[in-house]
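1. Could you work out the structure for the sequence below:
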Amino acid sequence: MAQVKVGVIVVDVQGDFTHYKYGSLAVPGTDKAYIEKVEKATRALKKAGFPVFATQDWHPKDHISFYTNHPGKKPFDVINIDGRTQVLWPPHCIQKTPGAKILIDNRLFDAIIQKGIYKNYDCYSGFEDDGGHKTRLNDILQKHKITTLVVYGIATDYCVKATIIDAVNLGYHVIFVNDLCRGVSKETSRKAINEMRTRGVEIWEGLKIEKLKAMK
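-> Numbering: from 1, shown residues only. Below you'll find the predicted structure:
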């Protein structure tokens, strides 16, 4: 039997996605209590010896996903760009701005993987953008010999789902921790969880550190 090594990915817990800080694109339920809960869980996982990684939206100010860069368009309009469907968002997580800051203690992370850095391509997944540009994430996980991923963060129905689906496609076993996530809407989050389940993802309602330790 192949050796199991568990790693953790904390997805996009950044100021602009929360009601706790800044919130230009705040996801429901992302208050101070949620941030504290995620930090407590992440700290516990780190203390238990699991490598922990974070993804970080890191957009240039002229990013293609910002409605402000498309004259006459409104937030949440959907357009077609070179055959790709693009949702237009309020400007968010602009490089080197306070809203792009990860709100969890950055010292807990073995690496922070920035995504969405190319202006012409959106990037929901922590692994690659819509143009096929790879991030460092898979290489880093491979160097750590990770086989199983625990994934949580913001937002269930967008970046968390995309990261998980790509992870499954790359051959990782994935555990999704629902109570450590928040989604843009209940309906799309429900569909996202159902899709994950059909792809073989374990759906956990709470973090089970002892069970993860037993996988080592």
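
2. what about the helices in this protein?
-> Shown for the chain, the helices assigned by DSSP state H span residues 32-47, 137-143, 161-169, 186-198, 209-214.

3. Check which helices and strands the fourth one sits against.
-> Using 3 or more C-beta pairs under 8 Å, 6 or more residues apart in numbering; DSSP states H and E as the contact test, the elements touching helix 186-198 are helix 161-169, strand 173-177, strand 202-204. For glycine as for every other residue, the C-beta is placed from the backbone atoms N, C-alpha and C.

4. can you rerun that using 7 Å?
-> helix 161-169, strand 202-204 (3 or more C-beta pairs under 7 Å, 6 or more residues apart in numbering; DSSP states H and E).

5. Of the ones you listed, flag the one that's most buried.
-> Highest mean neighbour count of these: helix 161-169, a mean of 21 (counted as mean count of other C-beta atoms under 10 Å).

6. Give me the neighbour count for the closest residue to F109 other than its chain neighbours.
-> The shortest distance from F109 to any non-neighbouring residue, by C-beta to C-beta, 6 or more residues apart in numbering, is to A54 (4.7 Å). Other residues lying near A54 total 24 when counted by other C-beta atoms under 10 Å.

7. quick revisit: comparing the helices of the chain, which comes out most buried?
-> Of all the helices of the chain, helix 161-169 has the most neighbours on average by mean count of other C-beta under 10 Å, namely a mean of 21.

8. Please report how far the nearest residue to L170 once chain neighbours are set aside lies from I146.
-> What sits nearest to L170 in space, not counting adjacent residues and going by C-beta to C-beta, 6+ apart, is N138, at 6.0 Å. Counting by C-beta to C-beta, to the nearest Å, the gap from N138 to I146 is 10 Å.

9. any weak-confidence spans in the protein?
-> Across the chain, the ranges flagged by pLDDT under 70 are 1-2.

10. For the nearest residue to V11 once chain neighbours are set aside, which residues are in contact?
-> With sequence-adjacent residues excluded and distances taken as C-beta to C-beta, 6+ apart, V11 is closest to G153, at 3.1 Å. By C-beta atoms under 7 Å, 6 or more residues apart in numbering, the contact set of G153 is V10, V11, D12, V13, V160, C181.

11. Apply 10 Å and report the result again.
-> Listed by C-beta atoms under 10 Å, 6 or more residues apart in numbering, the contact set of G153 reads 9-14, 17, 38, 42, 54-55, 102, 104, 126, 159-160, 163, 177, 180-182.

12. Over to T97?
-> G15, D16, Y22, S24, H59, K61, P91.

13. distance of it from L180?
-> 25 Å.

14. contacting residues around the nearest residue to N80 once chain neighbours are set aside?
-> Nearest non-adjacent residue to N80, counting by C-beta to C-beta, 6+ apart: Q86, 7.2 Å away. By C-beta under 10 Å, 6+ apart, Q86 lies in contact with I64, S65, H70, D77, V78, I79, N80, Y121, D122, D130.

15. All set, thanks.
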